[in-house]
Structure formats: C-alpha cells, structure tokens
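Here is my input; please provide its structure:
(one chain, ligands or ions: 1)
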Amino acid sequence: MLRIEGLTKTYGEKKAVDELSLHIRPGEIYGFIGHNGAGKTTTLKSVAGILGFDKGEIFINGSSIMKNPVECKRQLAYIPDNPDLYDFMSGIKYLNFVADIFGVSSEERQDRIRKYADVFELTKDLAQPISSYSHGMKQKLAVISAWIHSPRLIIMDEPFVGLDPKAAFKLKEMMREHCDNGGAIFFSTHVLEVAEKLCDKVAIIKQGRLIKSGTMEEVRGDESLEEVFLELEAE
Ligand SMILES: Nc1ncnc2c1ncn2[C@@H]1O[C@H](COP(=O)(O)OP(=O)(O)OP(=O)(O)O)[C@@H](O)[C@H]1O
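Numbers count the residues shown, from 1 in each chain. Modelled structure (predicted):
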C-alpha cells in the first residue's frame, strides 16, 4: 500500500529526514512516534505529496508520488496536525467541496456525511461557518472530509489532539474498521498508550532516522512502549 524508500529531506543545512524506509501493508494501522522535531510531519507531508524531498522514493500502491502525484492523491487522504480549514465556508459546504474534488457521487456523499456527522454529533453544526467551530469541531470535520472519498490510505498527523474522549473513541473505531476493510493508516502520535493499544505496527524516528520498526510485539518485547521509547531516546 505504501512503500517509502530512502526518504531524505533537508531544510537548508538541516537534515529533517535521513534515509528513512518503511513498508505499510493493507490492513495495517501503523503508528509513527518520535520526539518533537524528529521528522514525523516532514515524512507524513512527503507521503501525502505536499512536500518535495531530496532523495528517495515514495510509492502508493506501486505509483510514485513524484511521478504520478494525482493518481497517488486519489488514493489517499491527509489530515494535518492543525485543522486549518476554509473558515469562510460552512461545514457542509466544505464537505461538498472535498467530495467534488474527488468526484464522489451525491448518493455516496450524502450517506457518508450523514453517517460520520452523526458519529461525531456534528450534524446540527454543519450549516454553521467553520469560523465558529472549536478546535475539536474542526478536527472532526477534517476527519469526516478524509473519509468522504473512501481513500485506501489515510495519513494523519496527531489526529487525537483536541478530540473529546467520545470522539477519540469513535475515531479509533473508524480507523480499525477502515483497516479491517483492506485500507491502511499511517499516523503520528505522542500518546504512547493510544499507539500501544491501537497500532498493529509502530515506527520510532529519532533525529530524522528510523531507529526501530515492526509489529507492536516486536518493538515492545516484554516492556511497555513508553519504556522502550524512553530507553531509545536516552541512548
Ligand atoms: N519549513 C521548515 N523550515 C526549516 N526547518 C524545518 C521546517 N519544517 C520543519 N523543520 C525542521 O525539521 C525538523 C523536523 O521537523 P518536523 O516538523 O518534521 O518534526 P516532528 O517530528 O513532526 O515534530 P513535532 O512532534 O514537534 O510535531 C525539525 O528540526 C524542524 O525544526
């Protein structure tokens, strides 16, 4: 589903991501953890095709994000760490706007908007301008917009920030359902308890380099993910 090979990205003199390789298969929820400034957002933005990189290759279902960006973007959704949506639109206008971009039929979009707005208890707010939304409401809208075109790969940067406990629970259910239906999810988080419970696999990045990856059992061994992470950070 997603293959990252030798990804390297520099900002001026700063190497933000250094020879990072990772393979994510259908059905996998893949967690991405690392300290502040480790290179998570840079990697996720590169995978989503919104940030160029210096070296390496990224393939979405065998297609190169550099050579076939439109074909790749059709198959994925990206939720950034800060849901900066179009404030002047209403929630429903924004969802229809995204659905238009991806050519979602009116029947499918109605079904999905009804279903997910209901899940997140956002239905009555959809007519309101996004400028009136709280951070959590914007995050819920961003999640709905990601699910609206039924992408195969969903990339999320800190998706749980700002969500109330019920919404966070619902999102975890949606993530599992998406992967059980053959999709894949690659997401970053600083909440290691969530990663530990939710993820099939996990990758740890430190100063731009991948230092550990594999199934949760392989990475964790007999310890908690937090213990493993802190030990690796201290090395
Ligand atoms: N636009 C930019 N210009 C210059 N340096 C940048 C830019 N964006 C990120 N960096 C640097 O690249 C490195 C990786 O940043 P990145 O945002 O990918 O980290 P992160 O793991 O997502 O961090 P956090 O957990 O704090 O969100 C950091 O040293 C950061 O200062």
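
Could you give the number of residues near Gly208?
Per other Cβ atoms under 10 Å, the neighbour tally for Gly208 reads 22. In short, each C-beta sits where N, CA and C put it, glycine included.

same question, Asp84
Asp84: 10 surrounding residues under other Cβ under 10 Å.

how close does it sit to Ile130?
With distances taken as Cβ to Cβ, to the nearest Å, Asp84 is found 10 Å from Ile130.

shared neighbours of the two, anything?
When Cβ atoms under 8 Å, 6 or more residues apart in numbering defines a contact, no residue borders Asp84 and Ile130 alike.

ok, the residue nearest in space to the middle of the chain to Phe187 distance?
Computing the C-alpha centroid of the chain and ranking residues by Cα atoms, centre = their mean puts Met156 first, at 1.6 Å. Distance, Met156 to Phe187, using Cβ to Cβ: 4 Å.

Okay, and the beta partners of the residue nearest to the centre of the chain?
Taking DSSP bridges as the rule, Met156 bridges to Ile79, Phe187.

which ones are touching it?
Contacts of Met156 (Cβ under 8 Å, 6+ apart): 44, 78-79, 146, 185-188.

do the same with Gln128
Gln128 sits next to 90-91 when contact means Cβ under 8 Å, 6+ apart.

same question, Gln75
60-61, 63, 151-153.

still on that earlier bit, how confident was the prediction at the residue nearest to the centre of the chain?
Confidence at Met156, expressed as pLDDT, is 97.

Make 619 the starting number, not 1.
All right, first residue 619 from here; so that's Met774.

I'd like the distance from it to the ligand, if you could.
According to Cβ to the nearest ligand atom, to the nearest Å, Met774 and the ligand sit 12 Å apart.

Tell me how many other residues crowd the nearest residue in space to Phe650 that is not next to it in sequence.
Closest residue in space to Phe650, ignoring its immediate chain neighbours: Ser806 at 4.4 Å, by Cβ to Cβ, 6 or more residues apart in numbering. Neighbourhood size, Ser806 [other Cβ under 10 Å]: 22.

buried sites along stretch 729-745?
By 16 or more other Cβ atoms under 10 Å, the buried positions in stretch 729-745 come out as 730-731, 734-735, 737-738, 740, 743-744.

and the longest helix for this protein?
As assigned by DSSP state H, the longest helix anywhere in the chain is helix 783-798.

That one - contacts with which helices or strands?
Here helix 783-798 touches strand 647-652, helix 724-737, helix 753-765, strand 802-806, helix 810-816, going by 3 or more Cβ pairs under 8 Å, 6 or more residues apart in numbering; DSSP states H and E.

got the contact list for Ile822?
Ile822 is in contact with 651-652, 828-831, 837, 846-847, 850, counting by Cβ under 8 Å, 6+ apart.
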